[in-house]
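1. Predicted model and sequence below, questions to follow.
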Amino acid sequence: MRVGDALPQLEIPVTRTLIVAGAIASRDYQDVHHDAELAREKGSPDIFMNILTTNGLVGRYITDHLGPTATLRKVAIRLGAPNYPGDTMVLTGTVTALDGDTAEIGVVGANGIGYHVTGTVTVSLDAREAGE
């Protein structure tokens with residue numbers, strides 16, 4: 001791994017089930033994450049993904065790429081364009097810094113209307129366990 005290396009992109013279909021299941025799993029019972037009619041009453045065209053689901057998907061993106069010896073140390077994200085059902089979020093990442101067994105990876109998740117999530121993930125990799 002080197003600074004500037006790009007991670008392969010990950011496409012995640014944004015389904016109604018993913019949005020609702022993520023909200024329930026994270027105990028986020030705000031109606032805008034599960035009730036389309038109430039979400040529309042509050043000015044949204046449909047239900048939308050919560051930040052905790054996004055945070056989990058960003059973590060999955062990093063650990064799926066780096067493998068079982070990767071340990072997430074910090075996930076710092078900011079939400080932008082909502083993830084609505086029927087869209088696809090495409091996650092991309094670039095290694096921005098390295099310090100020993102610790103890497104910082106810039107992550108972007110884009111959908112059909114813009115950037116859903118931007119941020120950085122700090123991860124460590126135990127080289128002994130990875131066989132290096």
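-> Happy to help now that I have it.

2. Would you agree residue 16 is in contact with residue 48?
-> No - assessed by CB atoms under 8 Å, residue 16 is found out of contact with residue 48, at 10.6 Å. (Glycine included, C-beta is placed from N, CA and C.)

3. Show me which of these two is the more surrounded one.
-> residue 48 (21 against 14; other CB atoms under 10 Å).

4. how long is stretch 95-107 from one end to the other?
-> 9 Å (CA to CA, to the nearest Å).

5. Tell me which residues are up against it.
-> 1-7, 58, 61-62, 73, 77, 91-94, 117-127 (CB atoms under 8 Å, 6 or more residues apart in numbering).

6. Can you select the buried ones from these in ChimeraX?
-> Command for ChimeraX, covering only those of the contacts of stretch 95-107 found buried under the criterion 16 or more other CB atoms under 10 Å:
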select :7,58,61,62,77,91,93,117,119,120,121,122,123,124,125
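
7. Distance check, residue 88 against residue 27.
-> Separation of residue 88 from residue 27 (CB to CB, to the nearest Å) stands at 26 Å.

8. Settle it for me: which of the two has more neighbours?
-> Set residue 88 next to residue 27 and count neighbours by other CB under 10 Å: residue 88 wins out with 13 against 7.

9. just for the protein, where's the confidence low?
-> Scanning the chain for pLDDT under 70 picks out 127-132.

10. which residues of it fall in strands?
-> Counting by DSSP state E, the chain has strands at residues 6-13, 70-79, 88-99, 102-111, 114-125.

11. So for residue 35, which of the ones you listed sits nearest?
-> strand 70-79 (19.9 Å; CB to CB).
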